[in-house]
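> Need a 3D model of the sequence below.
(2 chains)
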Amino acid sequence: MTDNNMSTRTLRRLLLMLLVSGTLTFSTGCGMIYQHRLESPAGTIWTNEDIETARVYQDDLAWMQAGLRDRLPKTSRNVEAATILIGSEDLHSNRIVREQEVHTVGWYNRMLSTVQFNPISMAEIQFLSREGDAPQHGTLLHELTHHFTSSQRDLRSRWWLTEAFACYFETAFRGQEDRFVIPPIHVENYRTTRRKLRELGSERFSQLVDEVIHASWLEFYRNDGEAPLRYAISWSILWALQNQMSGSLEHRLMQVAQLDNDEISSRLQDVTTSLGPSLSSHFRDSIAEEPFRRWSVEQWLNSGRIDGQLILTAIENELTSDGGEIWGWPCVARTIYRWGSGLDRSNRLRWQRKIEQQLREGPLQVRLAICRVIRDYRRSGSLITVLVELLEEEDGELRAAAAMALSRVSNHPTIVNPAFWINAPAKERDREVTEWKLWLDSP
Amino acid sequence: MPSPNPRTAPVLPERVHPHSRPLPQLMSLLLIAFCVCCGCSTVHLKPRVTNIADYSREKDIKTYVITVDSKMKDEDYKNWTQQHFEENRLCLENPEYEGIPIYEIHYHFVLRRPGYRPRRIAFLIWRNSPDDPSKMNHLFTYIGSSVSMQNWILR
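A predicted model of the protein is given here:
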């Protein structure tokens, strides 16, 4: 056998092996890479998360699927199931988060009808977000919207419009009775675009928007750190223009989609005008509407100046509803202790006494929830005494939450490690508590 | 035909190719080309740590602010901090509070250059491994400056 024949045979064997292993991988449906496979109405989920977390995703995706079908009935008519690949948090990873890549945790591949999602760790969420419990499902919802709209002719090769649709739905949340509720505004995108408008002025802003509308794939998705701004502008255009249309949501969105890019460009003045009102004025409008009340409170509390009285009135309305106390009391804490609440002194003190009472006597879940939101607010120092009392509580989690809160509101050094407060012998914990009490009593 | 008398036969000069170069010159050229191909890394100045400040407050969280004169490669922040806490045995003992194991180590890297305002360029967290108290897990490295101060406090 000649050398030539031997190398040809070797190459053929190698190719055959690759073909077989590739076919095996696909035929087992990624089972060689992912641990769990679950079915959902949205499609097949493959994940390496533990099974409990996987079931949460399964439930989330079922809700998303139902919501998108409800809001986009015609668009979603012939949409088939997707493949959803969900990575897992790896505690031993060399995880590097780069400033401009903060938002890139999910992808949609149209050819393979595949959504890929890499959840970020709680540490990163807390660090990068102003919220303690920022929902992660926005990214999944964003990518699933791409899947639902991928066959729309009017969106093809119009990258700004493709992302605008996905951004429009990504902020949807579970309302009462699991309703799919789309908030009146995408707060982050509105804030980003409005800020840019104020920075550039109307004329230069319109030029920027025009560039975004006419951008090619490479131009729109280039990794120059400005992609989040392009997403924000895209959403702003769609949001502003659909507000001028009539009919159902799907009808309004599709009416915008049917305008060609030059027609969109001719309406940029409407977009600029829509960005005029402040976020506070939007929250003031929506806080009175029941489906948006909790959303408005949460979003407003993430802003600079707030109308504390209006927020507390809205929270009071929610305290008696289902889950109202666990949701409401932490929001009260976030309202009354911060700077810029706009509350008068007597009102603030009245609510402070209520918070202290909840911390001492409220249900365990409420006490935990309040501890977890307390930050180094201007007036949180008044809580130190009651938090020290909580260090002697029977429930280990509550002790740990109180210690974390104390580390944020006080300059006195303490042990933060939750494992200490949950598991350490009482004698050792008592030593820490005694130190706290001595510090409190000292002049 | 017999060879000419070696003592009397003229020594013919060697034929020299008109385009050939001496070997040492060729080696120098290759060396320079090699350096250029390596991206001039042999001449690029490495970032220098000019100060290490301890800003720790909690008993079981160490916080360091590391001042550097230029940016490191993204991966090098992790390597440097790992070397730092291993050399200082922070995963084994707590220098200020004996008997209290360290829970987290926070590193803030600040870039300080003449004529420029200092700014944070990287932030890392290492956390004590629940399975092995003598080990630290790298939670993440954040490369960037725009995250506001309030977010630097994770707890």
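> and the gap between the residue nearest the centre of chain B and A:G304?
The residue lying closest to the centre of chain B (C-alpha atoms, centre = their mean) is B:D76, at 5.2 Å. From B:D76 across to A:G304, the span is 37 Å (C-beta to C-beta, to the nearest Å). All C-beta spots, glycine's among them, are computed from the backbone N, C-alpha and C.
> now do A:Y221
Using C-beta to C-beta, A:Y221 is found at 32 Å from A:G304.
> Please apply the same query to A:T272.
Counting by C-beta to C-beta, the gap from A:T272 to A:G304 is 23 Å.
> who's more crowded, those two?
A:T272 (20 against 9; other C-beta atoms under 10 Å in any protein chain shown).
> Tell me how far the more buried one lies from chain B.
For A:T272, the distance to chain B (C-beta to the nearest C-beta, to the nearest Å) stands at 26 Å.
> With the flanking residues excluded, which residue is spatially nearest to that residue?
A:S202 (5.5 Å; C-beta to C-beta, 6 or more residues apart in numbering or on different chains).
> For that neighbour, identify the helix or strand it belongs to.
Taking DSSP states H and E as the definition, A:S202 sits inside helix A:187-213.
> Now that helix: buried residues?
For helix A:187-213, burial by neighbour count (16 or more other C-beta atoms under 10 Å in any protein chain shown) applies to A:187-194, A:196-197, A:205-206, A:208-209, A:212-213.
> Could you look up the SS state of B:T50?
Under DSSP: H, G, I helix; E, B strand; the rest coil, the three-state class of B:T50 is strand.
> Check the average confidence over the lengthiest strand in chain B, would you?
Looking across chain B with DSSP state E, the single longest strand is strand B:119-128. The average pLDDT for strand B:119-128 rounds to 91.
> Show me what the helix or strand that that strand is followed by pairs with in its sheet, parallel or antiparallel.
Once strand B:119-128 ends, the next helix or strand along the chain (criterion: DSSP H and E) is strand B:136-143. Strand B:136-143 has its sheet partners listed here by DSSP bridges as strand A:96-98 (parallel), strand B:119-128 (antiparallel).
> so which of those strands is the most packed in?
By mean neighbour count, with neighbours taken as mean count of other C-beta atoms under 10 Å in any protein chain shown, strand B:119-128 ranks first of the strands paired with strand B:136-143 at a mean of 20.
> Send me that one as PDB with only the CA atoms.
The C-alpha trace of strand B:119-128 is given here as PDB (Å, rounded to 0.1, in the frame of the first residue of the first chain):
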ATOM      1  CA  ARG B 119      -9.800  56.300  38.600                       C
ATOM      2  CA  ARG B 120     -10.800  52.800  39.500                       C
ATOM      3  CA  ILE B 121     -10.100  50.500  36.600                       C
ATOM      4  CA  ALA B 122     -10.800  47.100  38.100                       C
ATOM      5  CA  PHE B 123     -12.500  45.400  41.100                       C
ATOM      6  CA  LEU B 124     -12.200  41.800  42.200                       C
ATOM      7  CA  ILE B 125     -13.800  39.700  44.900                       C
ATOM      8  CA  TRP B 126     -12.400  36.500  46.300                       C
ATOM      9  CA  ARG B 127     -14.600  34.600  48.700                       C
ATOM     10  CA  ASN B 128     -13.800  31.900  51.200                       C
END
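> tell me, how many neighbours does the residue in the stretch 201-350 of chain A positioned nearest to chain B end up with?
For the stretch 201-350 of chain A, the residue closest to chain B is A:G225, as judged by C-beta to the nearest C-beta, at 9.5 Å. By other C-beta under 10 Å, 13 other residues sit near A:G225.
> what about it, which SS state?
For A:G225, the secondary-structure state derived from three-state DSSP is coil.
> Compute the distance between it and B:V110, please.
Between A:G225 and B:V110 the distance is 21 Å, computed by C-beta to C-beta.
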